[in-house]
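S.K.: Next input, structure requested:
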Amino acid sequence: MHRNKRLTFGILIFCFALMVFLPLTAHGPELSLPLEKIQQVSDHFEGTVFFNPGLPLPSPSSPGNPPSRGVLGYLWRWIFSNDRPEWPEMKDYIPGPPPAVRVPKGTLRITPVGHSTFMIQMDEVNILTDPIWSDRCSPVSWAGPKRHKQPGIRFEDLPPIDVVLVSHNHYDHLDLPTLNRLAVRGTPRAVVPLGDLDLVRESGISRVDELDWWQSIPLSPFIKITLVPARHFSARTPWDRNKTLWGGFVISGPAGNVYFAGDTGYGPHFREIARRFSPIRVALLPISPFRTQKSEDMTPPHFSIVHLSPSEAVQAHMDLNTPLSIAAHFQVFQLGWDGFDDALKELASALNEHRLGNNEFIAPAPGQAIDLTTAVAESGSPEHLLKISMGR
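M.R.: Model (predicted):
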């Protein structure tokens, strides 16, 4: 009986999703740069869609590739599969204290909010990455993956936000309700990959800068932001797959280089980012979901090629040669077939295997502020010594 109710409810949700998506245009978004100009210099755009250099275009039969059926195919699997591990319900959680209004030049403080949302305070500027305070990451507020952890900072406690960085257009990274709330409270600016300008403007944020990989733009007299490659994909409807770009960001300022990876699989881009931006003071790296659904013959789940597994995240940490990495993208939204604690257990195992200390790749609770202090060596030159304050 319970199974029948679940099927009925699932069919209703799926039919509603069809009504939501079918009226949408099948055309991709307008790009601010002419297609001819992008093609002349791009190794990741083929004229109509973006792609991951070095990888075949995804297909349903490619292990670990995201399903080409897009949103509706994923929704169908999510509703009707019965092999997903159970995650605990969200518990009451005391958020972190209200953050400082700003930090001075040369100072770096990072506060994880949850999932891929971080507040980066550095050099008198406040930055939010992939902000989502919504209860669900979905085109509708009443269905779709729901939060299993509350945000580590209350929205009302946020200091003035100078800029929002959006890594790509998936609903768990580009959340229009949260962007709208930020616009209402006065956030003036966002930086996005190619193709997402018009969508983010819908939120009410007045200035949106659109970048291709390796393009940079100043955020302040002291800080520069660069969009860097990621190995991922984009889609918000069944018809716009890979019509917009995806990427990570490097934020460069007197306090050092901060790398926010967004959502990505493992690839050679980590070494190239390290080559161009060394030294990287801290990296924010996703560690899940890394297991995809079991195949029809019930063989074990495949590993994703567009998300980092914890062991791949540790390898990326070493490729980047950074003294500190901070885990992202875990225990908030159940988006794959990982158990609730799988990513953290695998991370601890990978660190032990590579004989790395637990303070080199950390997974702080949402709301824990991480202060990185620059010390001065006896020679008089600055040393980025790792001094982490994780008070609440």
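S.K.: which non-adjacent residue is nearest Tyr266?
M.R.: Closest residue in space to Tyr266, ignoring its immediate chain neighbours: Glu312 at 4.0 Å, by Cβ to Cβ, 6 or more residues apart in numbering. In this view, the C-beta of every residue, glycine as well, is placed from N, C-alpha and C.
S.K.: who are the neighbours in contact with that neighbour?
M.R.: Glu312 makes contacts with 265-266, 290, as judged by Cβ atoms under 8 Å, 6 or more residues apart in numbering.
S.K.: Let's have those in JSON lines, adding pLDDT and distance to Gln121.
M.R.: JSON lines is the format used below for the contacts of Glu312 (pLDDT from 0 to 100; distance: Cβ to Cβ, whole Å):
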{"residue": "Gly265", "pLDDT": "95", "distance to Gln121": "29"}
{"residue": "Tyr266", "pLDDT": "95", "distance to Gln121": "29"}
{"residue": "Phe290", "pLDDT": "88", "distance to Gln121": "30"}
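S.K.: ok, and the most crowded of those?
M.R.: With neighbours defined as other Cβ atoms under 10 Å, the most crowded of the contacts of Glu312 is Phe290; it has 27 neighbours.
S.K.: you'd agree Leu351 is in a strand?
M.R.: No: going by DSSP: H, G, I helix; E, B strand; the rest coil, the assignment for Leu351 is helix, not a strand.
S.K.: Next, name the residue at the spatial heart of this structure.
M.R.: What sits nearest the mean C-alpha location of the chain, by Cα atoms, centre = their mean, is Gly262, with 3.4 Å.
S.K.: Could you pull up the residues touching it?
M.R.: 116, 129-130, 167-168, 173, 230, 232, 246-249, 286 are the contacts of Gly262 under Cβ under 8 Å, 6+ apart.
S.K.: circling back to that earlier point, just after the helix or strand hosting the residue nearest to Tyr266, pick out the following helix or strand.
M.R.: Assigned by DSSP states H and E, Glu312 falls within helix 310-320. For helix 310-320, the following helix or strand on the C-terminal side (DSSP H and E) is strand 325-328.
S.K.: Name the strands paired with that next one and say parallel or antiparallel.
M.R.: Partners of strand 325-328 in the sheet, by DSSP bridges, are strand 280-286 (parallel), strand 361-362 (parallel).
S.K.: what about the nearest residue in space to Gly186 that is not next to it in sequence, distance to Ser206?
M.R.: Ranked by Cβ to Cβ, 6+ apart and with sequence neighbours excluded, the top spatial neighbour of Gly186 is Pro160, at 6.8 Å. Counting by Cβ to Cβ, to the nearest Å, the separation of Pro160 from Ser206 is 15 Å.
S.K.: Might one say that Asp319 is in contact with Gly267?
M.R.: No: in this structure, Asp319 is not within contact of Gly267 by Cβ atoms under 8 Å, at 9.7 Å.
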